[in-house]
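Enquirer: here you go, sequence then predicted model.
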Amino acid sequence: MTATLTHGTVHDYASIVLENRLLRAVVIPSLGGRVWELEDRVHSRQWIWHRPDVPLRANPVGSSYDDVWAGGWEELFPNDSAGRFEGRDLPTTASGGRCRSRSPRHRRNLPPGFG
């Protein structure tokens, strides 16, 4: 099976699109490799949820993750605890503390079968 790799943009962020006749994935490298779309083309099903009330942007270090998470798949990537990596301060994406995993409050807003 052949796949194509193209470049695009998502809300002013450069993206990489990998697709074939079965699956389409959109990744935003500058946001830590966040998977923004994962579409099952056979069943016309988008597996990645987006919060309509939060704009897509980089999560500021020290921010409350629940307040800035716009959606997409980014849990524990590129890191699971705050710290410096390659000269950059990275926020935590793990639970407990600031810039953490989604809270039960936001899980209530997920589509059926999620959270």
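Expert: Arrived safely, thanks for sending.

Enquirer: A helix includes residue 66, no?
Expert: Yes. When classified by DSSP: H, G, I helix; E, B strand; the rest coil, residue 66 is found to be part of a helix.

Enquirer: on the pLDDT front, check it for me.
Expert: At residue 66, the pLDDT value in this model is 77.

Enquirer: cool, residue 34 as well?
Expert: Listed pLDDT for residue 34 reads 89.

Enquirer: that one bridge partners, please.
Expert: Beta bridges link residue 34 to residue 28, judged by DSSP bridges.

Enquirer: pretty sure it sits against residue 27.
Expert: Yes. Using CB atoms under 8 Å as the test, residue 34 is close enough to residue 27 to be in contact (6.9 Å). C-beta here means a position set from N, CA and C on the backbone, and glycine is covered the same way.

Enquirer: between the two, who's got more neighbours?
Expert: residue 34 (24 against 19; other CB atoms under 10 Å).

Enquirer: residue contacts, the more buried one?
Expert: Residues near residue 34 by CB atoms under 8 Å, 6 or more residues apart in numbering: 27, 28, 72, 73, 74, 77.

Enquirer: quick one, domains of the protein?
Expert: 1-48, 54-110 (automatic domain parsing).

Enquirer: ok, of these, where does mean pLDDT dip lowest?
Expert: domain 54-110 has the lowest average pLDDT among the domains of the chain, namely a mean of 65.

Enquirer: for residue 88, grab phi and psi.
Expert: Dihedral pair for residue 88: phi -120, psi 140, per degrees, to the nearest 10.

Enquirer: ok, residue 10 touching residue 36?
Expert: Yes. Residue 10 is within contact range of residue 36, at 5.4 Å (criterion: CB under 8 Å).

Enquirer: so for these two, which residue has more residues nearby?
Expert: It is residue 36, of residue 10 and residue 36, that has more neighbours when counted by other CB under 10 Å, with 22 against 17.
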